[in-house]
Each structure stands twice: as C-alpha cells, then as structure tokens.
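Participant: predicted coordinates and the sequence they were generated for:
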Amino acid sequence: MSAPAKLEFAKRTGMSSSTSEAFQYRQGEFSCEELTLASLAERFGTPTYVYSQAAIISNFERLRGSLARIPSLICYSVKANSNLRILSLLRQAGAGFDVVSGGELSRALRAGAAPDTIVFSGVGKTQAEIDAGLAAGILMFNVESAGELEVIESRARTLQKPARISIRVNPDVEARTHPYISTGQIIHKFGVPKDEALELYRRATHSPHLRVHGVACHIGSQILEVEPFWKALEEILSVARQLAAESIPVKLLDLGGGYGIRYADEEPLDVEGMTRGLEERLRGTSVQLILEPGRALVGNAGVLMTRVLYVKRNQRKNFVVVDAGMNDLMRPTLYGSYHEIVPALERPAEKLQADVVGPLCESGDFLAQDRDMPDVQPGDLLAVLTAGAYGFVLSSNYNTRPRPAEVLVHGGEVELIRPREKVADLMAGEKA
Ligand code: LLP
C-alpha cells in the first residue's frame, strides 16, 4: 500500500494497517482478497485461521526481488507456519526450507521440497532426526555443539552418507527484541562462540564423513533494526575468511531469519535497505547467501477469525469473551504481543475499552488487554490480525479444545487446508 493509501486506510478503519493489503474493508465488510470474512465464517465456522495466498506470494516475491543481485536461497522457516499447503505454495514460488525437527523435515519433503534446499537447525537434534536428514540428503546441518558434530560424524560414517555441515556461530549480539526470542547472545543456548566454531571446522575437515559447507547464525526474531544483522554478518564473514586462510573454503553463509514486521505501529525492518547493505558487504566474496525468514513471509498474511460469545462488565472492567483463546493464539499470553483486532463489519472505532478474552480457565487467557475497540455485541465476528506466523503452529488442545480450521484464500476462491479438529481426534489412542 502506498503511504497516502495507508494513512487513509488507517483513518477510515482505525487500523494501523499492520496487515497485508490483501485484508481490507470492502464496502464495509472486512475481506480477505475477494471474500468477506462473514462468508468465510458462515462456511467454515469460528475460530478459523484465514490466510491470503496473494499476501504470501507477494511477501516472498518482494524479498526475492530485493535479493536479485545476490546469489542466494530463501529457506522459509517452517516453524512460523507449517501447513503443507503453505509449504508447497512457497516451494512452487522457489523457496527452500529451514527445519528444526524430524517432523518439519517430513513436512518439507511431503510438500515436495528438493532435499538440497533444506537446512536443518536446532540445538537438540536426535540421532533419529540426524539419520532422517542424512537419508534425505539435505543441503546442510547447522551444527550447534561439539557433541552434535560427533553424533553427525558417527551417523554419517555408519550410514555411509557424508554430511554437509555448517557451524552455527553465536555472535554474542543483542537483537533488542523480546527476551524469549533473542538467540544470539552468549547467555543463550544457541550456537557456539567463534573460536570454538573454528576448532570444530578444523576437526570436521579431517573427517571423510563430513563436508564443511557453510557458516551459520540466527540472532533472534521480530528484529526491527538492521544493525544487529551487520554485527552478526561481520562475525560469520570473519569466520569464513579465517577458514579460507586455512584452506577450508565455505560455499554458504546462512544469516538466519528474524526480520521484524508491523503488529501495531512499529516500523518494520527495512528489508530493501538490508539487502542493499548485504550486497555491499558481500561484494567480492563468492559465497551464496542463505536467509531463513519465517514471520516476514507469512505473518501479515493471516488472521484468526473469532466470534463474540458474551460481553461482561463489572465495576472495573469490560470483558469481550470470544470463542478463540490462548490455546488458539498463544502470542499475547506468552510474549505480551499486540495483535490488532477489528470487527468484520466496519464501524466507528474506540467506543469500548475491554479485555478480549477466551473461554479457557486461566486469567492469562487473553487476546488483548485494555483495548479500545468498537462496541461489539454477542454474535459479532472479529478478526485478530497479523496472525499468520506463530499462530496455528503454537496452538494446543488445552481444555480439550479442538484446534481451529485453516483456510487459504486465493482471489474469489477458498480452500480448506486443515479441517477443524474434532473432540474424537483429541481422544484418539487413549483408553477409558
Ligand atoms: N531460523 C532459525 C534458526 C530460527 O530459530 C528461527 C525462529 C527462524 C529462522 C525464523 O525467524 P523469523 O524470521 O520467523 O523471525 N514464537 C515466536 C518466534 C520464535 C522464533 C524462533 N526461531 C513468536 O511468536 O514471536
């Protein structure tokens, strides 16, 4: 959306347009692409996650376009939203994948990913997961400890499948984001310090079962400033230079993910600015760049639609009780995250100040606190915005609540990409 259009949109709707332009009021009805939320709720019920195919593709194309002059591979971070349909959409658009478990590896392969576009990160890979990565022939393991390197070496020897590896360097960089999702400092469990990384590379080059392939890092998530990335890049580049000096050339530099988006009125990370800076800093090197964006590709491409069940008031507070709770969208409870909430039918903003709460038996079960919102009534349909990343994937069955349906909108069409769970599914395998 252009800046004036954004401003106009914000004025008209009271929304700061955190969401993709695929989600807008059209003739007073909040819509995803060409379909109104009301029609989607009628067809699929609530709560339901609604994703826009156009938004996902446009996020991907924008990033890829800005990287055009850098040899690079975008490995979508599966953890952000791992629905198979979304993975195959991104695969068709040209993405590779960043996985962190055997489960995510299976998903990427099921979505048709070429194994040599898959990187495997994570501090606690099990032997079975390492075996699965070796059997698939993935692009590389991002190794996070000396112990893991030993296990990978020994499994590669046993299975007679050489393992391509990079070491995840912990650059000791502060990413200035929520502490739970900051990962690049020495107090964090992730990666190894530079000197130890160099030692591990030296060890790895002596093994016939290991192939040194790259240098990796990932410093955190929802990062809004570009500077922490420069510090991290400098650190992994210096490792690559040192390795080259020791005749251990690397082919790939993996800068991880973490590109911050707008939830409220934050300025999102300047992706074009960052890729320009990357181009400058990588000029003269022959490495291929890997990026592992998750949120930046899917965050603003999804909303959670939910219906108001009750409105309660007491002397102190108003509560809008909706049919989605912390089990469906955990971010507000877990990180105190802000998600805009808008009514499906456009109406004047800020009539009511209320906590928007779910039906679960915990006071931590809220989607918003002390939120200025329209004067909603039971039966009203609401959209919780910017819920495409770390939404459904973090959901649980707490309180024996079936997880929401997921649907993908494409123009005037909609596809059910995961049916709502049934209570019977939740009890499957249990015995009374
Ligand atoms: N690469 C690695 C190794 C990661 O650990 C992550 C995210 C990513 C890439 C993708 O980061 P992104 O581009 O999406 O920021 N549940 C939290 C976010 C946790 C992120 C964990 N790692 C949230 O809801 O904010």
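Facilitator: Here it is on my side, so go on.

Participant: residue ranges with poor pLDDT in the protein?
Facilitator: 1-18, 349-350 (pLDDT under 70).

Participant: one more pass at 50, please.
Facilitator: Applying pLDDT under 50 to the chain flags residues 1-16.

Participant: who's in contact with the residue nearest the centre of it?
Facilitator: Geometric centre of the chain, nearest residue: residue 80, 2.7 Å, by CA atoms, centre = their mean. If you count contacts by CB atoms under 8 Å, 6 or more residues apart in numbering, residue 80 has them with 294, 295, 297, 298, 299, 388, 389, 390, 393. C-beta: built from backbone N, CA, C; applies to glycine.

Participant: make it 10 Å
Facilitator: Residue 80 makes contact with 86, 98, 221, 257, 292-299, 388-391, 393, according to CB atoms under 10 Å, 6 or more residues apart in numbering.

Participant: and what of residue 49?
Facilitator: Applying CB under 10 Å, 6+ apart to residue 49 gives the contacts 81, 83, 302-305, 324, 328-329, 384, 387-388, 391-392, 395, 403-408, 417-418.

Participant: okay but residue 354 is in contact with residue 318, surely?
Facilitator: Yes. In this structure, residue 354 is within contact of residue 318 by CB atoms under 10 Å, at 3.8 Å.

Participant: those two: which is more packed in?
Facilitator: residue 354 (23 against 17; other CB atoms under 10 Å).

Participant: what residues does the stretch 1-150 of the chain have near the ligand?
Facilitator: 77, 79, 80, 98, 121 (CB under 6 Å from any ligand atom).

Participant: for the last one, give its distance to residue 22.
Facilitator: The one in question is residue 121. Applying CB to CB, to the nearest Å, the value for residue 121 to residue 22 is 30 Å.

Participant: compare the two (neighbour count), which wins?
Facilitator: residue 121 (28 against 22).

Participant: that one contacts residue 167, correct?
Facilitator: No. Here residue 121 does not reach residue 167: they are 11.5 Å apart, not a contact under CB under 10 Å.

Participant: give me the common contacts of these two.
Facilitator: Common neighbours of residue 121 and residue 167 (criterion: CB under 10 Å, 6+ apart): 141, 142, 143, 144, 191, 216.

Participant: how about a markdown table for those, with neighbour count and secondary structure added?
Facilitator: Output for those, formatted as a markdown table (neighbours: other CB atoms under 10 Å; DSSP: H, G, I helix; E, B strand; the rest coil):
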| residue | neighbour count | secondary structure |
| --- | --- | --- |
| 141 | 28 | strand |
| 142 | 30 | strand |
| 143 | 31 | strand |
| 144 | 22 | coil |
| 191 | 28 | coil |
| 216 | 30 | strand |
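
Participant: list the contacts of residue 272.
Facilitator: 62, 63, 65, 66, 67.

Participant: ramachandran coordinates for the residue nearest to the centre of the chain?
Facilitator: phi -70, psi -40 (degrees, to the nearest 10).

Participant: do residue 229 as well
Facilitator: When read as degrees, to the nearest 10, the backbone of residue 229 gives phi -70, psi -40.

Participant: roughly how far does it sit from the ligand?
Facilitator: Separation of residue 229 from the ligand (CB to the nearest ligand atom, to the nearest Å): 12 Å.

Participant: list the buried residues in whichever strand or helix holds residue 90.
Facilitator: In this assignment (DSSP states H and E), residue 90 forms part of helix 84-93. Buried residues in helix 84-93, counted by 16 or more other CB atoms under 10 Å: 85, 86, 87, 88, 89, 90, 91, 93.

Participant: now swap in stretch 392-403 and tell me
Facilitator: Using 16+ other CB under 10 Å as the test for burial, stretch 392-403 gives 392, 393, 394, 395, 401, 402, 403.

Participant: quick check: the first one touching residue 85?
Facilitator: It refers to residue 392. No. Residue 392 is not in contact with residue 85 according to CB under 10 Å; the separation is 11.9 Å.

Participant: common neighbours of the two, please.
Facilitator: 51, 406, 418.

Participant: what residues are up against residue 86?
Facilitator: By CB under 10 Å, 6+ apart, the contact set of residue 86 is 51, 53, 56, 76, 78, 80, 111, 297-298, 301-302, 388, 392, 406, 408, 417.

Participant: and the stretch 151-300 of the chain, which of its residues are near the ligand?
Facilitator: Counting by CB under 6 Å from any ligand atom, the stretch 151-300 of the chain sits next to the ligand at 181, 218, 221-222, 256-259, 292-296.

Participant: one more time with 5 Å
Facilitator: Within the stretch 151-300 of the chain, the residues that sit near the ligand (CB under 5 Å from any ligand atom) are 181, 218, 221, 256, 257, 258, 292, 293, 294, 295.

Participant: setting aside sequence neighbours, what's the nearest residue to the third one?
Facilitator: Looking back up the chat, that one is residue 221. Distances taken as CB to CB, 6 or more residues apart in numbering put residue 181 closest to residue 221, at 4.1 Å, once the chain neighbours are dropped.

Participant: over to the last one?
Facilitator: Computed as CB to CB, 6+ apart, the closest residue to residue 295 that is not its neighbour in sequence is residue 389, at 4.0 Å.

Participant: with the second one instead?
Facilitator: Using CB to CB, 6+ apart and skipping the chain neighbours, the partner closest in space to residue 218 is residue 256 (2.7 Å).

Participant: good, wrapping up.
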